[in-house]
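S.K.: Just to be clear, the model below is a prediction. Sequence and coordinates:
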Amino acid sequence: MLPSTNGTGLGDELKMSKAADISEIASELEHLIADLSACGPLIFVFGDGFTTAHLHGTTTPVFRGPADRRWWHVTLGDDAASWTMDVRVDQITGVQFIRAPYPFQPHFPGQEVLGVDFLGPGEGQVLHCGVGDLYGGQQIRPEKLAAWRALRERHGNRDESRVVRGNLLAPNE
């Protein structure tokens, strides 16, 4: 067991699996990641945008490590072939909910992107999670927009949050 240091009221201890150092959700940031992972198809855009991965379906994120060195770990596939992503949660310094014009205009006129950006040291985007399968024809799928709005409302109801020890805070707090 590790003592909780995030002050979120999520419990006094983090329960750890001795086999793999896997723990339960331990912060507001990890709750956001878990909620996002359950949203359905996602598009992960890494760093500068040159690398993307598309996820179909939902995932259950695994969090590893002590409070000062946390990892978001995802493995998809089986023993024959799999994809693994590890993101240092403790290095995330900000979160932005993004609703913006689709970046590849004019090929997709009038279309938008919905997603969540995770910022790292220096406030640069390190990971973007975009809502996949967003359009049905020319119209945004209402259920996708409603789910993104609900996610935003559950996690601060603002476009941008600072992350301090796993807590999502308003930019001026």
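M.R.: In hand now; what should we look at?

S.K.: Let me know the next secondary structure element after the longest helix along the chain.
M.R.: What stands out as the longest helix in the chain, according to DSSP state H, is helix 142-154. As assigned by DSSP states H and E, the chain's next helix or strand after helix 142-154 is strand 160-164.

S.K.: chain center to that next one, what's the gap?
M.R.: Taking C-alpha atoms, centre = their mean, to the nearest Å, the mean C-alpha location of strand 160-164 is offset from the chain mean by 13 Å.

S.K.: can you give me the mean pLDDT across that strand?
M.R.: Averaging pLDDT along strand 160-164 yields 96.

S.K.: Does that strand pack against any helices or strands, and if so which?
M.R.: strand 94-101, strand 167-169 (3 or more C-beta pairs under 8 Å, 6 or more residues apart in numbering; DSSP states H and E). All C-beta atoms are positioned from the backbone trio N, CA, C, and that covers glycine.

S.K.: Looking at the ones you listed, which is nearest to Leu134?
M.R.: Judged by C-beta to C-beta, the one of these that comes nearest to Leu134 is strand 94-101, at 10.7 Å.

S.K.: Noted, bye for now.
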